[in-house]
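Colleague: Let's see this in three dimensions:
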Amino acid sequence: MTNPHGPTLEDPSNATRATPTITPEAAVLHIGSSTFINAPAAKVWESLTDTSTWPAWNSFVPRVTIRSQPSNATNETTDLSPILQKDTRFIFHVRMDPTSTSKKPQAATDVYGRVTECSAPNAETGEIGRIVWGVDPDAPGAHSLSMLKAERVHEVKAVEGGTELWVDDLCRFVQLPAAGGDVSGRENIAVDETGDRMPGDVASA
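Modeller: Numbers count the residues shown, from 1 in each chain. Here you go, the predicted structure:
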């Protein structure tokens, strides 16, 4: 993908990129994408991490409930602030078919997650912004991480003329055995999601 206002994307599909705790080789499902955004990295980061802005641009996850914020929150945030930061616990209210034109209200799928990494981009130093979220193992009804592990990574990089955004999803799901069955080594996909939306999360996390 060539952008007329900036450089060619290094790896549009992110086919070989790993998330913090899942490698592409270990994943059952890997969704990656990259895009150029004609806006400063700081503005992209602000929109990505401020969930109060999501109804305006995120048709896949138009609503977020913040369950808890870290006790040592800084950067002008308060308890239950809409700003995602490290150790924020949240519920994404996901619309599984955001392109549907049906007049019938679409029920939301609730996805419980936790932010595990969060660092803002710095255009002066060239530091890439990075936010990672995944399954919250302490959420109601959550799978053990030994059974289900899913992570999403967003990286925001300032480039000439705008910002490059990388998105990576990796998911590993070990299928529960049937009564008396042995599923040693069997795995199954636990996600049904397109990779071209920002920022969303795995649907079955």
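Colleague: Quick check: the gap between the closest residue to Val156 other than its chain neighbours and Ser59.
Modeller: In space, and not counting its chain neighbours, Val156 is closest to Gly129: 3.7 Å by Cβ to Cβ, 6 or more residues apart in numbering. Where you see a C-beta, it was placed from the backbone N, CA and C, and this is true even at glycine. Gly129 sits 23 Å away from Ser59, going by Cβ to Cβ, to the nearest Å.
Colleague: Look at these two and report which has more neighbours.
Modeller: Neighbours per residue (other Cβ atoms under 10 Å) separate Gly129 from Ser59, with Gly129 holding more: 23 against 14.
Colleague: Next one: that one from Ala41, what distance?
Modeller: Remark: distance between Gly129 and Ala41 (Cβ to Cβ) = 6 Å.
Colleague: Now for the two: what residues contact both?
Modeller: 121, 156-157 (Cβ atoms under 8 Å, 6 or more residues apart in numbering).
Colleague: Out of those, which comes closest to Cys171?
Modeller: Ranked by distance to Cys171 (Cβ to Cβ), the shared contacts of Gly129 and Ala41 are led by Val156 at 22.1 Å.
Colleague: tell me, how many neighbours does that closest one end up with?
Modeller: By other Cβ under 10 Å, neighbour count at Val156 equals 23.
Colleague: before we move on, back to that, which ones among the shared contacts of Gly129 and Ala41 are found in helices?
Modeller: Counting by DSSP state H, none of the members of the shared contacts of Gly129 and Ala41 fall within helices.
Colleague: so which of the residues you listed comes closest to Leu165?
Modeller: Checking these against Leu165 by Cβ to Cβ gives Val156 as the nearest, at 5.7 Å.
Colleague: surely Asp87 meets Val132?
Modeller: No - Asp87 lies out of contact with Val132 (Cβ atoms under 8 Å); the separation is 11.6 Å.
Colleague: which one of these two has more residues nearby?
Modeller: Neighbour count, other Cβ under 10 Å: between Asp87 and Val132, Val132 has more, with 20 against 16.
Colleague: hang on, the earlier thing: turn the shared contacts of Gly129 and Ala41 into JSON lines, including pLDDT and distance to Ile31.
Modeller: Formatted as JSON lines, the shared contacts of Gly129 and Ala41 follow (pLDDT from 0 to 100; distance: Cβ to Cβ, whole Å):
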{"residue": "Pro121", "pLDDT": "95", "distance to Ile31": "22"}
{"residue": "Val156", "pLDDT": "94", "distance to Ile31": "18"}
{"residue": "Lys157", "pLDDT": "92", "distance to Ile31": "19"}
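Colleague: Local confidence estimate at the closest residue to Ala123 other than its chain neighbours?
Modeller: Excluding its sequence neighbours, the residue lying closest to Ala123 (Cβ to Cβ, 6+ apart) is Ala158, at 4.1 Å. Looking at Ala158, its pLDDT stands at 90.
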